[in-house]
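Trainee: Predicted model follows, preceded by the sequence.
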Amino acid sequence: MINFLTNGVVGIAPKATGPAVLYSQNFEGLPLLDLDGQDGWSRVEGAPEKPFTVDANAQLEGAKNALIGPGSSLTLYRRLLAFPPSYDAEFMLFKEAEGEFDMNMLVGCGAFLTDNHNVGFDWIVQHISDMFGAMNMRFVVNGWGTEALIPIPPGATMTCRVERRQGALTSFYVNGGLQWTATTSALLGTRIVLDGNTSNTSGRADAIRITAA
């Protein structure tokens, strides 16, 4: 805290402010129900009996998170959000057990309406495993033509950070370590999306926070 003088009067310097928070959700204040209709989220694709739900579970941060259960084929939820050209996105992803599964967090753009990842998205982070149990994080920008794949240990919680800088790079971090960078596209996000495609296992997402850069 720094004192300063104004017309001979000692005052208190204003506190420095951090980056503007565009969206933040840790699911703690939401009821244990389908995420559809809560906090601006809506189901775009997927059967009603296989939803993303707010679940009481301390696996990630706090006592609640968003759960996608087994057998959820192409379940997609979105929340509209106007993104600036440069921003930081943070979130946590967790895969329950071995088995074929993918769970995605992505920022979509104007053309992104359903589960067609070839149309109108800015970036995707996938927590993915194949039928043999091999687990990876996949980072994608500008359509499926630009991507990277890194192996991860089974049962690990992935704390992810995406730094998007217009006219520069999109950088992907996992558990504090830089994993990949790619040239940022000219697309601007208009929605944040949770997307799950599971067979015999489940996944969770938590601690979503989007800040202006």
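Mentor: In hand now; what should we look at?
Trainee: Return the helix or strand in the chain with minimum mean pLDDT.
Mentor: Least confident helix or strand of the chain, by mean pLDDT, DSSP states H and E, is strand 3-6 with a mean of 44.
Trainee: For beta bridges, what are the partners of the closest residue to Leu60 other than its chain neighbours?
Mentor: Among residues not flanking Leu60 along the chain, Asp206 sits closest, at 3.8 Å (Cβ to Cβ, 6 or more residues apart in numbering). (C-beta placed from N, C-alpha, C; glycine too.) Counting by DSSP bridges, Asp206 is bridged to Met92.
Trainee: wait, Asp206 sits on Gly62?
Mentor: Yes: judged on Cβ atoms under 8 Å, Asp206 makes contact with Gly62 at a distance of 7.3 Å.
Trainee: which residue is nearest the centroid of this protein?
Mentor: Within the chain, one residue has its C-alpha closest to the average C-alpha position: by Cα atoms, centre = their mean, that is Met105, at 4.0 Å.
Trainee: ok, the helix or strand hosting that one: who's next to it in the sheet?
Mentor: In this structure, Met105 sits in strand 101-108 according to DSSP states H and E. Its sheet considered, strand 101-108 pairs with strand 121-129 (antiparallel), strand 191-198 (antiparallel) by DSSP bridges.
Trainee: Including mean neighbour count, could these go into JSON lines?
Mentor: Putting the strands paired with strand 101-108 into JSON lines (neighbours: other Cβ atoms under 10 Å) gives the following:
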{"stretch": "strand 121-129", "mean neighbour count": "23"}
{"stretch": "strand 191-198", "mean neighbour count": "24"}
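Trainee: Can you check which of those strands gets nearest to Phe27?
Mentor: strand 191-198 (11.4 Å; Cβ to Cβ).
Trainee: tell me what whichever helix or strand Arg204 is part of is packed against?
Mentor: If you go by DSSP H and E, Arg204 is part of strand 203-212. If you count contacts as 3 or more Cβ pairs under 8 Å, 6 or more residues apart in numbering; DSSP states H and E, strand 203-212 packs onto strand 21-25, strand 64-68, strand 87-95, strand 101-108, strand 191-198.
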